[in-house]
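1. only geometry, no sequence info:
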């Protein structure tokens with residue numbers, strides 16, 4: 001290893017990802033293996049299993065995957081909300097106590113002066129250190145990350161756990177239990193991504209990158225929230241070697257290869273190689289490159305994570321109702337809204353706890369409002385409108401009022417919407433529920449946009465975005481950026497609007513939110529339409545329609561079809577315009593969008609009049 005890198009361990013920092021803990025005897029699951037087992041547990045429908053597991057790589061902009069895919073963080077959020085609030089599922093990782101040769105190699109390098117950073121939740125590097133008699137300093141909490149950033153030399157043999165861990169073991173064997181320091185849900189990693197100033201984690205990472213040659217092993221780079229942005233954006237890098245594990249002969253690359261130029265390691269190489277020479281990718285067997293004998297550790301004893309998973313499932317997915325509760329949430333994350341609603345509606349309520357029932361009504365009511373199904377939404381909200389219960393700190397009564405405000409905004413009943421949003425805001429402020437306070441500011445901004453009070457709308461939505469950034473609500477920030485772009489467009493500030501909508505699209509690209517991508521592409525099209533760029537606007541509306549068809553977002557799809565038809569009118573392509581508006585009208589009638597029905601009927605009349613004029 002020293003010959004390949006020409007570096008001493010004291011000049012190196014290792015970034016170790018999940019790949020190092022997959023070989024035996026550790027035998028921990030990759031994210032995809034974990035999600036696969038979960039999918040097979042919660043549904044026997046092969047089509048749904050495929051939908052959950054389908055992960056297709058793409059190079060489009062900064063997006064890692066397209067289509068119906070799930071990030072590990074999104075799955076953890078679903079589990080935490082209604083199944084396992086304490087995330088005991090992570091014990092699958094923390095209970096493994098059988099390090100493999102990679103972990104012992106890192107312990108040895110640590111003892112020789114290296115720094116080790118890891119995204120892993122397991123304690124296998126620490127156990128390898130203790131087994132080998134290597135003292136180490138565990139750096140996990142924000143306070144220790146901050147101290148490390150200011151003075152790295154104050155930590156002897158630091159092991160920096162970038163995403164925390166469930167059960168943390170220090171060098172004396174003392175264990176701290178619980179998920180307090182785990183960064184594994186979208187909200188937790190989102191807080192890092194959205195931080196407007198360097199936070200403790202990114203500062204610590206920056207300190208290492210600037211002072212040590214970074215060696216990356218067992219890490220895919222498919223992380224858009226904290227680690228990859230930190231590596232991509234840091235200038236200059238001290239130096240970097242990324243070991244891209246494969247079964248091919250060892251090969252050193254200093255330029256992106258033709259076969260996979262857009263994989264994360266090679267995007268980084270393309271970004272930095274023109275400016276720095278000490279950056280390379282080494283493809284081949286990680287063990288061969290590092291000079292590790294993987295049989296040095298007894299591999300006959302394998303950690304059986306599948307047994308741990310089965311035990312967890314027996315406890316937390318105890319009935320069909322529990323499995324459907326998790327499956328319904330995941331289908332919604334995949335933008336399969338109707339299937340998600342059907343799955344959740346068919347749940348037998350008597351096997352769920354009171355907290356799980358509350359979560360069920362919370363999820364369903366929010367879903368119905370999004371689907372513009374006011375009847376089902378109101379029926380669901382009636383179940384929680386007088387409830388004093390809280391789910392994950394969310395008042396169900398306040399949530400009911402908030403969604404009643406959304407329904408009234410959608411129907412153009414703004415006085416009623418104001419009444420409900422004020423009631424919801426009062427409840428959420430009493431409970432100091434920052435997430436829902438942000439939602440209320442946003443909804444109030446929507447009311448102001450619809451009533452053409454754009455200055456007040458921007459003030460409200462900016463308040464919403466500030467709170468969402470603080471708590472790590474990626475979706476809340478993206479929605480806020482979209483609404484600010486809408487308000488700026490109404491004021492004629494088109495260039496500024498494009499900046500905001502671009503930031504919203506980037507966030508939605510991070511985790512493949514087709515619904516959000518449809519909304520934001522529609523807004524970009526609207527900006528161009530206001531600039532009279534009908535061809536450009538039509539392109540963006542078509543992209544919005546693609547996302548909305550994929551997501552099954554009927555109301556949004558109807559609006560985009562109507563807008564595309566309007567662009568075709570401007571381009572004098574009246575047959576195409578009529579086809580789009582007729583499909584839009586059909587959908588609006590299906591979902592009883594009364595205001596939309598009127599608008600599409602009027603636009604069809606305009607098209608017919610224009611066709612008559614052209615025929616004269």
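-> Thanks, I have it. Since the structure is predicted, the reported quantities are computational estimates derived from the model, not experimental observations. Numbers count the residues shown, from 1 in each chain.
2. chain center to stretch 7-20: distance?
-> Taking the mean C-alpha point of stretch 7-20 and that of its whole chain, the gap between them comes to 27 Å (CA atoms, centre = their mean, to the nearest Å).
3. let me fix that, I meant to ask about stretch 358-375.
-> 21 Å.
4. list the buried ones in it?
-> When neighbours are counted by 16 or more other CB atoms under 10 Å, the buried residues of stretch 358-375 are found to be 358-374. Any C-beta I mention is one placed from the backbone N, CA and C, and that applies to glycine too.
5. in helices, which of those residues appear?
-> When DSSP state H is applied, these are split such that 358-370, 374 fall in helices.
6. closest to residue 301 among the residues you listed?
-> Distance to residue 301 across these (CB to CB) is lowest for residue 359, with 39.7 Å.
7. check what pLDDT that closest one gets.
-> We note a pLDDT of 90 for residue 359 in this prediction.
8. can you check the one 5 residues further on too?
-> According to the predicted model, the pLDDT of residue 364 comes to 91.
9. ok, it to residue 71 distance?
-> Between residue 364 and residue 71 the distance is 23 Å, computed by CB to CB, to the nearest Å.
10. and what of residue 595?
-> Using CB to CB, one obtains 36 Å as the distance from residue 595 to residue 71.
11. looking at the two, which one has more neighbours?
-> Remark: of residue 595 and residue 71, residue 71 carries more neighbours, 24 against 11, as counted by other CB atoms under 10 Å.
12. and the longest helix for the chain?
-> Max-length helix for the chain by DSSP H is helix 594-615.
13. tell me the mean pLDDT over that helix?
-> 90.
14. burial check on residue 118, number of neighbours?
-> 27.
15. check contacts around the spatially closest residue to it that is not a sequence neighbour.
-> With CB to CB, 6 or more residues apart in numbering as the criterion, residue 118 has its nearest non-adjacent residue at 4.5 Å, and that residue is residue 16. By CB atoms under 8 Å, 6 or more residues apart in numbering, the residues touching residue 16 are 102, 106, 116, 117, 118, 119, 120, 125, 217, 218, 219.
16. residues contacting the residue nearest to the last one when sequence neighbours are not counted?
-> It refers to residue 219. In space, and not counting its chain neighbours, residue 219 is closest to residue 17: 2.8 Å by CB to CB, 6+ apart. The contact partners of residue 17, by CB under 8 Å, 6+ apart, come to 118, 119, 120, 216, 217, 218, 219, 220.
17. by neighbours, which of those wins?
-> Neighbour tally across the contacts of residue 17 (other CB under 10 Å): the maximum, 27 neighbours, falls on residue 118.
18. I'd like the next helix or strand past the helix or strand hosting residue 435.
-> With secondary structure defined by DSSP states H and E, residue 435 is part of helix 434-450. Toward the C-terminal end, the helix or strand that comes next after helix 434-450 (DSSP H and E) is helix 454-471.
19. now do that following helix and helix 434-450, the angle between them.
-> Regarding helix 454-471 and helix 434-450, their directions subtend 160 degrees when assessed with axes from the mean of the first three to the mean of the last three CA atoms, to 10 degrees.
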